[in-house]
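Colleague: Sequence and predicted structure, then a few things I'm wondering about:
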Amino acid sequence: MIVFHDPAEVPAGFGPSVVAIGKFDGVHAGHRAILERAKADAARTGAAVVAVTFDRNPLATLRPDRCPEDVSGLHQKLELLAETGLDAVLVLRFDAQMAAQPAEEFIERVLVAALNVQTILVGRDFRFGKGGAGTPELLERFGQRLGFRVDLIGDVHGEAAERRVSSTWVRELLTAGDVAGATMLLGRPHAVWGEVVHGLKRGRALGFPTANLSPQMEGFVPGDGVYAGWLVDEGPRTSGGSDDDGDAGRGILRPRVRHPAAISVGTNPTFDDVPVRVVEAYVLDETDLDLYGHDVQVQFVQRVRGMVAFDGVEALKAQMADDVARVRELLA
């Protein structure tokens with residue numbers, strides 16, 4: 001999958017293309033349904049399949065006071081989009097300049113001139129351009145004149161639910177610790193991604209050494225508690241870190257090793273000396289695994305229990321042993 005960061009980077013003669021536009025936060029089941037439809041459309045004509053997305057939630061620029069936390073960061077989003085089999089992604093920098101761009105200019109400069117679009121897929125409530133003046137109806141009028149068609153996509157609903165699948169719903173479930181429910185909407189376990197850093201090393205002293213993720217990790221952190229899941233080791237951190245488009249954007253597959261893990265999220269209330277929430281993962285049956293400086297995914301499968309303060313170290317150790325036994329059963 002090719003990643004472009006500006007319409008000017010798209011080579012001359014690119015396309016024709018089928019384009020899906022959206023934030024794609026979390027790349028959930030609703031997003032994947034749209035992308036599958038785009039791929040099917042493109043297959044009929046041999047067109048390229050392109051997702052047009054943004055480097056941040058537009059609300060971070062337009063209304064930062066109302067901007068929700070991302071379900072997935074940019075690095076994660078690009079990896080997830082790459083997994084869907086797209087040909088390319090255009091990541092637009094959503095700054096004040098882009099917010100002021102007229103909708104008509106966006107259509108002509110980005111969609112037509114750069115991507116040579118033949119079909120655009122958007123939701124019925126899609127808005128774009130300065131002041132949100134761009135609508136699906138405007139796209140259809142321009143399509144009649146410029147030679148592309150607009151495919152309006154309906155809502156995708158959760159299994160046995162009337163509510164449509166959305167990033168908002170995913171965040172609600174994760175906040176409540178319902179990672180299994182979030183998995184149903186995402187079509188995969190939710191994950192956070194980041195570098196393993198040094199912590200207080202208290203887990204090692206207790207017999208359960210943990211990999212602590214950097215506070216600068218990507219991905220929505222679920223509610224405090226203990227979870228069964230997986231730690232996916234992607235190897236030593238590359239120089240670009242989470243600020244570039246990552247190896248997924250460059251088409252490079254980094255070797256990965258997946259380990260079963262007991263995951264803790266919270267501030268360690270038994271000791272009450274951790275000022276910020278921490279995500280740490282104990283890899284089952286591993287006491288000498290050196291992950292410092294590695295990029296890892298921590299994938300959440302099932303919540304084991306909430307986070308509580310224990311009456312002393314021995315009570316905590318006994319509970320941790322029980323947690324590990326529960327995690328082993330859940331992942332078996």
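Modeller: Sure, I can see it.
Colleague: can you pull the buried residues of the lengthiest helix in the chain?
Modeller: The single longest helix within the chain, with elements called by DSSP state H, is helix 313-331. Of all the residues in helix 313-331, those buried under the rule 16 or more other C-beta atoms under 10 Å are 316, 320, 323-324, 326-327, 330. The C-beta positions use only the backbone N, C-alpha and C, and glycine is treated the same way.
Colleague: Could you give the number of residues near residue 162?
Modeller: 7 (other C-beta atoms under 10 Å).
Colleague: Out of the buried residues of helix 313-331, which is nearest to residue 186?
Modeller: When the buried residues of helix 313-331 are compared for distance to residue 186 (C-beta to C-beta), residue 330 wins out at 18.2 Å.
Colleague: With adjacent residues omitted, what lies nearest to that closest one?
Modeller: Of all residues not flanking residue 330 in the chain, residue 228 sits nearest, at 4.1 Å (C-beta to C-beta, 6 or more residues apart in numbering).
Colleague: Put the alpha carbons of the strand or helix carrying the one you found into PDB.
Modeller: Using DSSP states H and E, residue 228 maps to strand 225-236. C-alpha atoms of strand 225-236 as PDB (Å, rounded to 0.1, in the frame of the first residue of the first chain):
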ATOM      1  CA  GLY A 225      -8.500  -3.500  35.300                       C
ATOM      2  CA  VAL A 226      -6.800  -6.800  34.400                       C
ATOM      3  CA  TYR A 227      -7.200  -8.300  30.900                       C
ATOM      4  CA  ALA A 228      -6.400 -11.400  29.000                       C
ATOM      5  CA  GLY A 229      -4.700 -10.700  25.700                       C
ATOM      6  CA  TRP A 230      -1.700 -10.800  23.600                       C
ATOM      7  CA  LEU A 231       1.600  -8.900  23.300                       C
ATOM      8  CA  VAL A 232       2.900  -8.700  19.800                       C
ATOM      9  CA  ASP A 233       6.600  -8.000  19.600                       C
ATOM     10  CA  GLU A 234       7.500  -6.000  16.500                       C
ATOM     11  CA  GLY A 235      11.200  -5.700  17.300                       C
ATOM     12  CA  PRO A 236      13.400  -2.700  18.100                       C
END
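Colleague: which ones are touching residue 211?
Modeller: The contact partners of residue 211, taken as C-beta atoms under 8 Å, 6 or more residues apart in numbering, are 196, 231, 280-283, 289, 291, 296.
Colleague: pLDDT at it, what is it?
Modeller: Reported pLDDT at residue 211 in the predicted model: 94.
Colleague: Quick check: phi and psi on it?
Modeller: For residue 211, the backbone dihedrals are phi -90, psi 120 (criterion: degrees, to the nearest 10).
Colleague: For residue 193, see how far away the most centrally placed residue in the chain is.
Modeller: Taking C-alpha atoms, centre = their mean, the centroid of the chain lies closest to residue 72, which sits 2.6 Å from it. Going from residue 72 to residue 193 by C-beta to C-beta, to the nearest Å gives 8 Å.
Colleague: so what sits against both of the two?
Modeller: What both residue 72 and residue 193 touch, as defined by C-beta under 8 Å, 6+ apart, is the set 218-219.
Colleague: just to revisit the earlier point, I figured the residue nearest to residue 330 was touching residue 281, is that so?
Modeller: No. Residue 228 lies out of contact with residue 281 (C-beta atoms under 8 Å); the separation is 10.6 Å.
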